[in-house]
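K.L.:
Structure, please.
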Amino acid sequence: MTVQACPESCPENGRRACPHCQRAVRRGARFCSYCGIALRSPVKAQQDERPGQLFCASCGAPISGRYLQLDGRREIYCETCFRDRPRCDVCGAPVGRGGQQIADGRHICGVCHQTAVYDHDKAKSLFDRAVSIIQGELGLALNVPTSFALVDRTQLQAAVAQAGLSEEASTNRTFGLFVREGRKRVIYAQCGLPQILMLQVMAHEYAHAWQGENCPLLRNALVREGFAEWLAYKVLSAMGATKKMALMTQRDDVYGQGLRALLAVEQREGVLGVLRRCLRTPGQM
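P.N.:
Model prediction:
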C-alpha cells in the first residue's frame, strides 16, 4: 500500500499540523502526534524585500510584507491564501489559480494539476512504462496476470476496506494498493496524482505484487516497504526524476528508512543483494 507524507498546514510560531487531521503538532516534531503521518520540512516564512515584484501563486495579488513558501518549492504565497484557502491533496499548497476540485472532493493545486493524471488510458500507458522498466532493467516479472485500475478516493478507500486494511490506512493517506483475492490480482492507483508521483505509486505496488509471489511470508515492514520504495526509486531513476528521488530518501518513516537501508545494500552487494533481503528468512534484515 502506498502512502504519502503529509505536508504541514500551520506555519505560525513554528507549529506544524497535518492537513489530514488538521491538528497542531509540537515544534520540531517529525510526525503528526494525532495520525502518525510523517511531516515534511517546515514552511518557511520570509519578509518581502522587493515591494511590488512578488506575487502570490494562489491569488495572483502582489505581496507586501511577509510571505510563505513550502520547503523545496519555488512558489510563494500571501498569508491570507495560506491561512484561508483549501490545500492541495498532493502537496499541501493553497489552491488558487489553475487549481481544481475534482469529483471526489479533493483539491488539486495548479502546479500539481499541470501533470496530474485523470484519464485511465494515460495512466495505463504510464503503468506499462513502469512495468517495462522493472522487467527490462531488473528482470522482475510477475507470473500471475495483474491488472491495473485507476480509481478515485472513494473507490480506493472501498478497496482498502474490502482488503481488510482500513485500520492500517486510517493513519495514512493512501495513494495506491495491491490486492490479491483468489485468482484476482489488481494494482490500484488514485487519479489526480502528478505523473511522477503516479509512477512512484505504480512501481511501489508492483513491488508488493512481486513480493506476494516470491516472498509471501515477508513480515519485516522495513524490508517490505523499503523494497517497494527501492523499486519505485529505480523506475524514477530511469525516468530522470532526480528531485523526487531525493525527496524519497529524506522521509523519516519506515518508507524512507527502508529505502536508505536497501540503497546501502545495493551499493555494497548490488541488485542481487537487495533481492536476497526479500527472499531470506522473513524476520531478518
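
K.L.:
quick one: residue 111 and residue 247, what's the gap?
P.N.:
Relative to residue 247, residue 111 is positioned 15 Å away (criterion: CB to CB, to the nearest Å). Where you see a C-beta, it was placed from the backbone N, CA and C, and this is true even at glycine.

K.L.:
longest single helix anywhere in this structure?
P.N.:
Selection of the longest helix in the chain by residue count, based on DSSP state H, yields helix 254-279.

K.L.:
since we're on residue 184, how many residues are nearby?
P.N.:
The tally of other residues near residue 184 (other CB atoms under 10 Å) stands at 11.

K.L.:
if we can go back for a sec, comparing residue 111 and residue 247, which residue is more hemmed in?
P.N.:
Neighbours of residue 111 and residue 247, each counted by other CB under 10 Å, are more numerous for residue 111; the result is 20 against 16.

K.L.:
per-residue pLDDT, the more buried one?
P.N.:
The confidence metric pLDDT takes the value 89 at residue 111.

K.L.:
so which strand or helix has it?
P.N.:
Taking DSSP states H and E as the criterion, the element that holds residue 111 is helix 110-115.

K.L.:
thinking in terms of the whole chain, how far from its middle is whatever helix or strand comes next after that helix?
P.N.:
Towards the C-terminus, the helix or strand next in line after helix 110-115, according to DSSP H and E, is strand 116-117. Taking the mean of its C-alpha atoms, strand 116-117 sits 14 Å from the chain's own mean (CA atoms, centre = their mean, to the nearest Å).

K.L.:
Stretch 116-133 too?
P.N.:
Stretch 116-133 sits 16 Å away from the centroid of its parent chain (CA atoms, centre = their mean).

K.L.:
returning to what we had before: may I have the helix holding residue 111 exported as PDB, CA atoms only?
P.N.:
C-alpha atoms of helix 110-115 as PDB (Å, rounded to 0.1, in the frame of the first residue of the first chain):
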ATOM      1  CA  GLY A 110      -2.400  24.400 -10.300                       C
ATOM      2  CA  VAL A 111       1.200  23.100 -10.100                       C
ATOM      3  CA  CYS A 112       0.200  19.500  -9.400                       C
ATOM      4  CA  HIS A 113      -2.700  19.800 -11.900                       C
ATOM      5  CA  GLN A 114      -0.400  20.500 -14.800                       C
ATOM      6  CA  THR A 115       0.900  16.900 -14.900                       C
END
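
K.L.:
name the helices or strands packed onto that helix?
P.N.:
Packing contacts for helix 110-115, counted by 3 or more CB pairs under 8 Å, 6 or more residues apart in numbering; DSSP states H and E, involve strand 193-194.
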